[in-house]
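*Asks:* Curious how this folds, go ahead:
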Amino acid sequence: MTAVSPTTSVPAFCEGIQYFGEPLPGFETYGKMPVIAEGNQAIADSADKAAVFQTLLAADALRYLTLQTTARKSSGHPGGFASIAEAYAALVMLGYKNILTEVGHHAPGFYSAMFLDRSLEKMGIHTVQQLGDRFRERHGLLGHLSGQIPGLLSPAGPLGQGQHFAMAAALLHRDTLFPFTVGDGGLGEPYVMSSMAHFHTAFPEVTNFLPVLVWNGFSQEHHSMVSTQSNDQMIDYWRGNGFTEVILVNAKDFDDQGQSGDYVDSTAFSLDQRLAFVGAVLQAVDEAARSALGGQRTVLIVKQLKGSGVHAHGSKSHNLYAHHTLDHEDVVGGLKKRALAPAAWELVRTNFARAGGGPAAEVAATESVRSLPELGELPLNEFPIGGDKQVATAAMGHLVAAVGQQDRSFLVSNADGNEASGISNINQALKVIHPTPDSLYNQSPTGQVYEPLSEDACSGLAAGLALMGSRSLWCSYESFAINGLPIWQTVTQAMAELRRPTPSTITLFTAGALEQGRNGWTHQRPEIEAYFAAMMRNGNIFPLFPSDANSIQVAYEWALTTKNKGITITASKSPLPIRTTFEQGRQGLQDGAVVLQETSGSQRVVFAVVGDMPLIPVFAAAEQLAEQGLGVRIVSVVNPRRLYRPHDVAWEACSESDGGFLDDAGFTRLFDSDALIGVTGGASSILEPIMLRSTAKRDTFAWKRGETAASPTEIMSFNGLTPEALIQRALELVGQELPR
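*Replies:* Have a look, this model is predicted:
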């Protein structure tokens, strides 16, 4: 190790580095000046020896920072990224800055890259000391990638998600490459390959996203499930899933140290062989990038042992524990092996800062607000109260079609089919994306309706597009949407943290449990509403429950004006009565709820009703209660997030924060009563904001469980949602008896 004296020139950003090394042999020849010249954005030639040498230095710098940063907190995940450091360095040296990941555990490596290219200076991180100080700290560098880190395009947490962001970005930016790392552990998730396969079918011309498989033989705690595959089997797997160009670089082919096993550590090679391996990776990345940008479905596979160049190998390198301090012998050994000379650090930083035209925080596709076409005035159609029954979803579909016709980047996704959800008008206007044109099924290769039979693929692309700055709509049956919620939740959390405004991610959930009796419990899963009830406290989640075809139109109209929010619209596909005007619908969105009907009497019972179909037994019960002299007020709960108290919700911490809550006077006006009964066809937790604030005698009627039934009335009866049950409980709460 080099002893740094007071006279040694150490770049200021290196403050905090534990160990410096001697210059590598050849540095005087190949490190005299940055290989990315000032004013350039990439190396000129991937075969240039100086480019290869400086890419190796960059890979070692990434490994060093990843290990030291995680060891500062004895926490985090250095091993996975360490096995792909050469490929990441090569991407940057070739000028590609829009790099994403499917692997949340690669976070410290990505943070190290953002530090090296000076992106993290936007959050006050100027030195290696500050990099370690801020790692895994609030308002710092979270353990997994989030939406608040400058230069990073997307979050990363649960496996099987990163490809959605890369595909969405590629769809919006056709001339830009979007590489994303995917781990061989994450490859076991079914979503990764299936979502890319449907995307390839729907958008065969969009190939500018590049999977970079980190094939290191291990997942988090054991060998990966694909570790026993041969090279040919892995290549065949990707080709069998539609990738025409499969480029594999195997570190084993360059090993001159006799390492055992199929997976080896390139940092253990002699310097000549290290350079040979890095050169092969650099040229493979160059070839893969050109191929993807040139119209070929391409994957790059780098096969190298997990943990290469850090404190341990295999799954033992995945995670640091409390004993892995900066003084631990394994950590010290790993850092000393990767230590660079001060001049090498300066060289790497200069290259990274110049690559791609500047820091990722300035040049990445998501670092500016994407412009959107004006929608103009939506073609709203106000149906008369008391007129013919209307299908709410169809009324919204008319507006969705208009949005798509004004905004050609707008995309609608649906796994179960729009026609089955009462929104065939969307397909008729915007067409289902399919390589086979067919007017009977409204199919066209240039359509705007994305229909894979996967909720994850639907949710992922729609939510990814919103995160990347485009309008979208994810449609689903209420009972199946749960399969797409993990990625949607990831995006909404990222939007809450995001440093720029972006269109809200909007959903339409149809075919609720009360409509689906004949299909049995498989189609009766309104427990999903408990998911949204919990998420409301995040601050940027707004579950909407329009009461009719008028209410749903103004709900969608409002949702289109919002930024950085997750907005779910839940409605029936059955013809139902019109109960509100547009004015009432907008009042319900603003206040959280709106009065639909009120009668006077000796005592007042208030029904707080979530959804449209539950209003049917409530109106029937109200009529009979009024005949008995009770006053009844029916309140439609349209936007329950507005009914919380401000301190119940983390709204102030949200980007594009919304602090709109109904005040106490307004709450009293709506819900003051002798008895309050909350009614929902879904989870009772969606009524929590009301039950928290009310001081009246109160009770809830809600979904219990699914059962096969012949009609909505029968399934409501099975769950106790009947006029008779509502009447009996209302009378009990006000101290009256049922008439004999």
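*Asks:* wait, doesn't Ala85 sit right on Arg63?
*Replies:* Yes. At 5.2 Å, Ala85 counts as touching Arg63 under the criterion of CB atoms under 8 Å. Placement of C-beta: from N, CA and C, glycine included.
*Asks:* Tell me if I'm right that Thr570 and Leu544 touch.
*Replies:* Yes. If you go by CB under 8 Å, Thr570 and Leu544 touch, sitting 7.1 Å apart.
*Asks:* any idea which residue sits dead centre in the chain?
*Replies:* Note on the chain: the residue nearest the mean C-alpha position is Val491, at 2.9 Å, using CA atoms, centre = their mean.
*Asks:* how about the nearest residue to that one, chain neighbours excluded?
*Replies:* Ala463 (4.0 Å; CB to CB, 6 or more residues apart in numbering).
*Asks:* helices or strands next to the host helix or strand of that neighbour in the packing?
*Replies:* Element membership of Ala463 [criterion: DSSP states H and E] is helix 455-467. Helix 455-467 makes packing contacts with helix 162-172, helix 190-202, strand 411-414, strand 449-450, strand 472-477, helix 485-497, strand 505-510 when contacts are defined by 3 or more CB pairs under 8 Å, 6 or more residues apart in numbering; DSSP states H and E.
*Asks:* what angle sits between that helix and helix 485-497?
*Replies:* 10 degrees (axes from the mean of the first three to the mean of the last three CA atoms, to 10 degrees).
*Asks:* and helix 455-467, what's its mean pLDDT?
*Replies:* What helix 455-467 shows for mean pLDDT is 95.
*Asks:* and if you look at stretch 177-189?
*Replies:* Rounded to a whole number, the mean pLDDT of stretch 177-189 is 88.
*Asks:* How far off centre is the least confident helix or strand in the chain by mean pLDDT?
*Replies:* The helix or strand of the chain with the poorest confidence is helix 712-718; it has a mean of 88 (mean pLDDT, DSSP states H and E). Mean-position distance between helix 712-718 and its chain equals 36 Å (CA atoms, centre = their mean, to the nearest Å).
*Asks:* Give me the contacts around that helix.
*Replies:* Identification of contacts with helix 712-718 by CB atoms under 8 Å, 6 or more residues apart in numbering yields 513-517, 524, 574, 613-614, 616-617, 681, 704, 706-707, 709, 722.
*Asks:* Go again with 10 Å.
*Replies:* 512-518, 520-521, 524, 572, 574, 613-614, 616-617, 681, 701, 703-709, 711, 721-725 (CB atoms under 10 Å, 6 or more residues apart in numbering).
*Asks:* Narrow the residues you listed to those in helices?
*Replies:* When DSSP state H defines the helices, the subset of the contacts of helix 712-718 inside them is Ile616, Pro617, Pro723, Glu724, Ala725.
*Asks:* Which members of those residues are classed as buried?
*Replies:* Among the ones in helices among the contacts of helix 712-718, those classed as buried by 16 or more other CB atoms under 10 Å are Ile616, Pro617, Pro723, Ala725.
*Asks:* any chance of these in JSON lines, plus distance to Leu378?
*Replies:* Formatted as JSON lines, those follow (distance: CB to CB, whole Å):
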{"residue": "Ile616", "distance to Leu378": "29"}
{"residue": "Pro617", "distance to Leu378": "33"}
{"residue": "Pro723", "distance to Leu378": "37"}
{"residue": "Ala725", "distance to Leu378": "40"}
